[in-house]
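Asker: structure, please.
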Amino acid sequence: MAVIVIVVLVVASGGKDESTTPAPSATPTAKRKQGQTQEPSSERSDLISFKLDDRSQAGITDIWLVWTIKNSSSEKSNYSWDWEAVDAGGTRVEDGSEMETNVQPGQTARGEFFTTLKSVKGIKLNVTSFDRTASY
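Answerer: Below you'll find the predicted structure:
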């Protein structure tokens, strides 16, 4: 008896983004000037905010990654991305991968994860890859 297992991974529009980009922040962007065209929306723009949150107090270091995803597609989606934290001298001091699953169309998902960073001073977050896939 032969058992055949077929796994199909359906990738939502846009495919995988392997470029390194600065992490988005919650800071509003400048308004477009009249006549200026808007770039087409990409899956990467669904990562609305990705930043460090320093919750340290009483001499105890407590630094977290926090993010907001908003599904702008018409399908339930899973998101995964890789990131790095780089100090002012250009040295990578931490990196990792994050994931949000089963985000409905138009839905916003927020998440957080602890880090081992000792300070946020001079640290820059970069998203090194980003992928949105259809969720079934």
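Asker: ok, so what distance separates residue 136 from residue 48?
Answerer: 24 Å (Cβ to Cβ, to the nearest Å). For the C-beta atoms, the positions are set from N, CA and C on the backbone; glycine is no exception.
Asker: between these two, who's got more neighbours?
Answerer: residue 48 (16 against 9; other Cβ atoms under 10 Å).
Asker: can you pull the phi/psi pair for that one?
Answerer: Backbone torsions of residue 48, given as degrees, to the nearest 10, read phi -70, psi -40.
Asker: give the bridge partners for the closest residue to it other than its chain neighbours, please.
Answerer: The spatial neighbour of residue 48 that comes closest, neighbours along the chain excluded (Cβ to Cβ, 6 or more residues apart in numbering), is residue 68 at 4.5 Å. Taking DSSP bridges as the rule, residue 68 bridges to residue 49, residue 110.
Asker: was I right to think residue 116 contacts residue 94?
Answerer: Yes. Counting by Cβ atoms under 8 Å, residue 116 does reach residue 94; the two are 6.3 Å apart.
Asker: name the residues of stretch 51-66 that are buried.
Answerer: Within stretch 51-66, the residues that count as buried by 16 or more other Cβ atoms under 10 Å are 51, 52, 63, 65.
Asker: by mean pLDDT, point me to the weakest helix or strand of this protein.
Answerer: For the chain, counting by mean pLDDT, DSSP states H and E, strand 11-17 ranks last in confidence among helices and strands (a mean of 43).
Asker: for the residue nearest to residue 48, give me the pLDDT.
Answerer: Note for residue 68: predicted pLDDT of 98.
Asker: now swap in residue 6 and tell me
Answerer: pLDDT, read off for residue 6, is 31.
Asker: and for residue 22?
Answerer: For residue 22, pLDDT reads 73.
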